[in-house]
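1. Fold the following and give me the result.
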Amino acid sequence: MVLEAISRSGRLSLGDKLYEINWGFVLLLTAIASVGFAMLYSAADGNFDPWASRQMVRFAMGMVLLMVFAVIDPRVWMQLAYPAYGFALLLLIGVEVAGTTGMGATRWINLGVIQLQPSELMKITLALALARYYHMLEHDRVSHPLYLLPALAMIGLPVLLVLRQPDLGTSLLLTVVGIAIIFMAGLSWRYVIGAGVAALIAIPVGWQYFLLPYQRERVFTFLDPSRDPLGAGYHTTQAKIALGSGGVWGKGFMEGTQSHLNFLPEKQTDFIFVMLSEEMGLMGGLALMGLYLAVLGFAFSVAVGVRHQFGRLLVAALAVNFFLYVFINAAMVMGLIPVVGVPLPLVSYGGSAMLVIMAGFGLMMSIYVHRQEELPRGGGIL
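-> Next up is the predicted model:
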């Protein structure tokens, strides 16, 4: 391989890096995004406007971002990890001061060209910061309480800020990704078990003092959607009707009744998987899940093949984040968990989510391209 020969003689050139990009993975991402383009075209009754055309532009921008990120040396990403995390944290604070409110939540900053959602950016920068922290930390100190505190603080600060927006789904996702990195870094099982017990004990406290009334209502609706079928339970009820009516093979492209008669809410965003399943049936939904599984398979192979802890933890964290996107969205629209507003990656309409997901894949590709290189470990946590 070109990479093996170059790694013995020195750093990779730009041409070598472009050669080493896994173009099969790029095609895989394009295939998934194309499913989204088709569904957004259908959602607009056979028009590229207002959703499909904009999503194509965002995906193209994201692909450029992926290519740029892919050729950057992981050493650069490790140096930028803490500043990037700090910048994302400042943006979250900025949401508190001058955020844009939509649908009862203040989660965005208006940049003119795009509405930036800093909590999406935090998903990437938190993974970078924790990966660097545990790369530089000696392995025998991973489970030491003193060295757990900085990692928990890096997780807790953005989680508290996101909870204030309020955005329970993203705050839970950040928590799970952060804890997953700590666990994969080598945290002792006694802490994992202890954290699980503490989480169970904290559920009643969280229910009483942290969940807002509408969030509690979502839980009640999840347990019994029929209690308010035209109100809080409307999303779940219509989603189940659409999923069931699609059958095995679906009603056909652009032939979905629940979506095209506007019974299905948020069909272009959170509930786009329901629209896909109604039109393409069970087989269409399984085919998309198969593509997502291939993405996770690639991430696993990269994490196993890289030679340094920073790359392993970063890729694993990005994979966990991607899996949670898919799992939460699919489980939500099928009524297996309460509605929390998590988009289906690369398929749901949205600017911030698309660009951040593609940036994450760019980081993953950077680790893949430079997988034969080694990074010095230890020497302090900074």
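2. so where's the stretch 51-200 of the chain uncertain?
-> Low-confidence segments of the stretch 51-200 of the chain (pLDDT under 70): 102-105, 112-114.
3. Show me where it has its strands.
-> 100-102, 105-110, 115-116 (DSSP state E, counting those that start in this stretch).
4. Note down every partner strand of the second one and its orientation.
-> Using DSSP bridges, the strands paired with strand 105-110 in its sheet are strand 100-102 (antiparallel), strand 115-116 (antiparallel).
5. hmm, back to that, just put the strands of the stretch 51-200 of the chain in TSV and tack on distance to R141 and mean neighbour count.
-> Glycine gets a C-beta too; all of them are placed from N, C-alpha and C. Shown next, in TSV, are the strands of the stretch 51-200 of the chain (distance: least, Cβ to Cβ, whole Å; neighbours: other Cβ atoms under 10 Å):
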stretch	distance to R141	mean neighbour count
strand 100-102	42	12
strand 105-110	36	17
strand 115-116	36	18
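6. Those into TSV, with extra columns for distance to P213?
-> Compiled in TSV, these are given as follows (distance: least, Cβ to Cβ, whole Å):
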stretch	distance to P213
strand 100-102	18
strand 105-110	14
strand 115-116	26
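7. Mind checking those for the one nearest to K251?
-> Nearest to K251 among the strands of the stretch 51-200 of the chain is strand 100-102 (31.9 Å), distances taken as Cβ to Cβ.
8. Which among the strands of the stretch 51-200 of the chain is found nearest to F69?
-> strand 115-116 (17.8 Å).
9. Show me what that closest one is in contact with.
-> With Cβ atoms under 8 Å, 6 or more residues apart in numbering as the contact definition, strand 115-116 has outside contacts at 91, 100, 108-110, 351-352.
10. Go through these and name the one nearest A319.
-> Using Cβ to Cβ, S352 is the member of these that sits closest to A319, with 20.1 Å.
11. hang on, the earlier thing: which one of the strands paired with strand 105-110 lies closest to L29?
-> Closest among those, using Cβ to Cβ: strand 115-116, at 21.9 Å.
12. can you count the residues close to L296?
-> A count of neighbours around L296, defined by other Cβ atoms under 10 Å, yields 14.
13. Mean confidence (pLDDT) on the helix or strand encompassing it, please.
-> If you go by DSSP states H and E, L296 is part of helix 272-305. The pLDDT scores in helix 272-305 average 95.
14. What of stretch 35-44?
-> Stretch 35-44 comes out at a mean pLDDT of 94.
15. Dump that stretch to CSV, restricted to CA.
-> Below are the C-alpha coordinates for stretch 35-44, written out as CSV (Å, rounded to 0.1, in the frame of the first residue of the first chain):
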residue,chain,number,x,y,z
VAL,A,35,-32.5,8.6,0.1
GLY,A,36,-33.0,11.8,2.0
PHE,A,37,-33.1,13.9,-1.2
ALA,A,38,-35.8,11.6,-2.7
MET,A,39,-37.9,11.7,0.5
LEU,A,40,-37.7,15.5,0.7
TYR,A,41,-38.7,15.7,-3.0
SER,A,42,-41.7,13.5,-2.2
ALA,A,43,-42.5,15.5,0.9
ALA,A,44,-42.8,18.6,-1.2
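16. Run through who's touching that stretch.
-> For stretch 35-44, contacts defined as Cβ under 8 Å, 6+ apart pick out 47-48, 50-52, 55-56, 59, 253-254, 256, 259-260, 267-268, 272, 275-276, 279, 288, 291, 344, 346-349.
17. and the closest residue in space to A316 that isn't next to it in sequence, what does it touch?
-> Leaving aside its sequence neighbours, A316 sits nearest to A303 (Cβ to Cβ, 6 or more residues apart in numbering; 4.9 Å). Applying Cβ under 8 Å, 6+ apart to A303 gives the contacts 311-312, 315-316, 319.
18. Any quick ChimeraX command for the buried ones out of those?
-> Paste this into ChimeraX to select the buried members of the contacts of A303, with burial taken from 16 or more other Cβ atoms under 10 Å:
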select :311,312,315,316,319
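19. Generate TSV for the contacts of A303, with distance to D140, secondary structure and pLDDT as supplementary columns.
-> Conversion of the contacts of A303 to TSV gives the following (distance: Cβ to Cβ, whole Å; DSSP: H, G, I helix; E, B strand; the rest coil; pLDDT from 0 to 100):
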residue	distance to D140	secondary structure	pLDDT
G311	21	helix	95
R312	18	helix	95
V315	24	helix	97
A316	21	helix	96
A319	26	helix	97
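20. which one of the contacts of A303 is nearest L157?
-> The closest of the contacts of A303 to L157 turns out to be A316 (Cβ to Cβ; 22.1 Å).
21. wait, the closest one sits on A180?
-> Yes: using Cβ atoms under 8 Å, A316 is in contact with A180, at 7.4 Å.
22. Check which helix or strand the residue nearest to L66 when sequence neighbours are not counted maps to.
-> In this structure, L66 finds its nearest non-sequential neighbour in G362, 4.0 Å apart by Cβ to Cβ, 6+ apart. If you go by DSSP H and E, G362 is part of helix 351-369.
23. Tell me, how many residues neighbour L313?
-> The tally of other residues near L313 (other Cβ under 10 Å) stands at 25.
24. And it, how close does it get to Y234?
-> Relative to Y234, L313 is positioned 41 Å away (Cβ to Cβ, to the nearest Å).
25. where are the low-confidence patches of the stretch 201-350 of the chain?
-> Within the stretch 201-350 of the chain, the segments meeting pLDDT under 70 span 226-228, 230-232.
26. which stretches of the stretch 51-200 of the chain form helices?
-> Taking DSSP state H, counting those that start in this stretch, the helices of the stretch 51-200 of the chain run over residues 52-70, 74-98, 118-136, 145-163, 168-184, 189-209.
27. Can you tell me which of those is packed in deepest?
-> Among the helices of the stretch 51-200 of the chain, ranked by average contacts under mean count of other Cβ atoms under 10 Å, first place goes to helix 118-136 (a mean of 25).
28. Tell me the gap between it and the middle of its chain.
-> Here helix 118-136 is found 13 Å from its chain centre; the criterion is Cα atoms, centre = their mean, to the nearest Å.
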